[in-house]
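Undergrad: What follows is a predicted structure for the sequence shown.
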Amino acid sequence: MKQIRLAIAGMGNCASALIQGIEYYKKMKSNDPDRSLGLMHRSLGGYTPDHIKIVAAFDIDKRKVGKSVNEAIFSKPNCTKVFYKKTGRIPVKVLMGNVLDGISSHMDGYPEDRRFIVAKRKPADVVKILKETGADILLNYLPVGSEKATTFYAEACLKSGVSLVNCIPVFIVSDKAWSKRFEERGIPVIGDDIKSQVGATIIHRCLTKLFEDRGVKMNRTYQLNVGGNTDFLNMMNHTRLKMKKISKTESVQSQLHKPLDYENIHIGPSDYIPWLNDNKVCFIRMEGSGFGNMPLHLELRLSVEDSPNSSGVVIDAIRCCKLARDRKTGGPIVSASAYFMKHPPEQFSDDIARSMVEDFIQTKKNR
C-alpha cells in the first residue's frame, strides 16, 4: 500500500487537530455520507487520508517528549477541542527537538498548563531520524517567531532529502536563496504560513478582491485577532511578530492593484484571552468609496476553532507535496503554495490559485 510518511516538528494544537482528523477520516466507510465532509479533496491524486502515516515527531515540552504521538497530542498545553479521541495507538514516540528560539521567555510568568515546559533531554539527531524513518515530508508546526529553529529543520530536510511543508511565517519557500537550494537538490517544498480553510486571511483577501472587482476603492482596513491557545500567548511577545505581520499584510495587499499606505492598513494578532482556548475571534473592518464617491463600510466577526480550521488545508498541502515527490519535481510548488499559504513565492488571486492547483493535481502542470 502506498504511503505518505510524515514527520512533524511541533506537537501542539495544530498537530493534534491534524492527527485527530487523519484518524477520523480513516474510519469513514465508503458509503458514509460524511466521508468527505470538511475536506476540499477526499482523494487527491490517488491519495486519501488513509495513506498518511506519522513516522517521526519532535517537540521540546516535558509533557510530550517520550510519549507516543497519540498521547502527546492530548497533553498540556494543548487546548484544541477533541473531536476524535479514538486515534488508537500510534507507535511513534515524540523525540526531543532543538529548542533554539522556539520558546519565548515571557511565557515564564504564566501558569504551567498554559505554557511550554522544556524537557531536560538531549536533542535527537533530526537528520538521522528523518533518514531512518524514511520520511517523505517534514511538517513545520513550530511557534511563530521560531526563525532559528525553522532554519535548523530546513537544513535537516536538505541534508536528508525530505520535503518541507512550512506552516509558519518564517520565510523559507518564499526566500529565493532557500528555494534555490531545494530546487538544486530536487526536493519539492510548499510554504510559507498556512492559510486556514475559512479563516481571517482568506476572507479578508476575498473581500478585498471583491471590492476591486466591483469598482469600490479600498481606503483603509484592519484585521484584529484574539485567541487563547499557546500560539496567541507566544505572540504576546511582539518581537516574534515581524514576519507574521508581513505575511498577513502582504497577503491582503496582494489583492489590490495599488497597495494601501502603511497608516491605512493594520493586520495582526491583537491579544491573548485564556478562556477562548483554541477558539479564534477575528474582527475585520473595511472602508471604501463606491459609486459617486459614496462611502461603503463593511464589518465582519468570525469565530472559529483555529487548529482544525488550518488542518483542512494542511492535509491537501501534504498530499500535493507527495505528488510532487512522485513526479520528481524539485523546488517550490508554486500552485500549492499560492493556494494554501499566505506568503508564497508568488501571489495570485485565490480563484486563479485554485485552478492552478487543480491543474497540478490532474498532472497538467508540474508546479
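TA: Structure's in. What do you need? Residues are numbered from 1 along each chain as shown.

Undergrad: Could you use CA atoms for every contact and neighbour count after this?
TA: Noted.

Undergrad: Is Tyr222 located within a strand, as I assumed?
TA: Yes: under DSSP: H, G, I helix; E, B strand; the rest coil, Tyr222 sits within a strand.

Undergrad: With the flanking residues excluded, which residue is spatially nearest to it?
TA: When the adjacent residues along the chain are set aside, Tyr222 lies closest to His266, with 4.6 Å between them (Cα to Cα, 6 or more residues apart in numbering).

Undergrad: Render the CA-only coordinates of the helix or strand containing that neighbour in PDB, please.
TA: Secondary structure here is read from DSSP states H and E; on that basis His266 sits in strand 265-272. Coordinates of the C-alpha atoms in strand 265-272 are reproduced here as PDB (Å, rounded to 0.1, in the frame of the first residue of the first chain):
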ATOM      1  CA  ILE A 265      -3.800  49.000   6.900                       C
ATOM      2  CA  HIS A 266      -3.400  47.100  10.200                       C
ATOM      3  CA  ILE A 267      -3.400  43.400  10.300                       C
ATOM      4  CA  GLY A 268      -2.100  41.100  13.000                       C
ATOM      5  CA  PRO A 269      -2.700  39.200  16.300                       C
ATOM      6  CA  SER A 270      -4.000  41.600  18.900                       C
ATOM      7  CA  ASP A 271      -4.400  39.900  22.300                       C
ATOM      8  CA  TYR A 272      -4.400  36.700  24.300                       C
END
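
Undergrad: which other residues reach it?
TA: Residues outside strand 265-272 that contact it (Cα atoms under 8 Å, 6 or more residues apart in numbering): 220-229, 232-233, 235-236, 244-245, 248-249.

Undergrad: So which of these sit within helices?
TA: Helix and strand membership here follows DSSP state H; of these, those in helices are 232-233, 244-245, 248-249.

Undergrad: buried set for the strand holding His266?
TA: Buried residues in strand 265-272, defined by neighbour count with 16 or more other Cα atoms under 10 Å: 265, 267-270, 272.

Undergrad: Helix or strand next in line after the helix ranked longest in the chain, which one?
TA: Among the elements of the chain assigned as helix by DSSP H, the one spanning the most residues is helix 306-326. For helix 306-326, the following helix or strand on the C-terminal side (DSSP H and E) is strand 331-332.

Undergrad: What is that next one packed up against?
TA: Using 3 or more Cα pairs under 8 Å, 6 or more residues apart in numbering; DSSP states H and E, the elements in contact with strand 331-332 are helix 176-185, strand 188-190.

Undergrad: I'd like to know which elements the shortest one is packed against.
TA: This means strand 188-190. For strand 188-190, the elements it packs on are strand 163-166, helix 306-326, strand 331-332, helix 334-340, judged by 3+ Cα pairs under 8 Å, 6+ apart.
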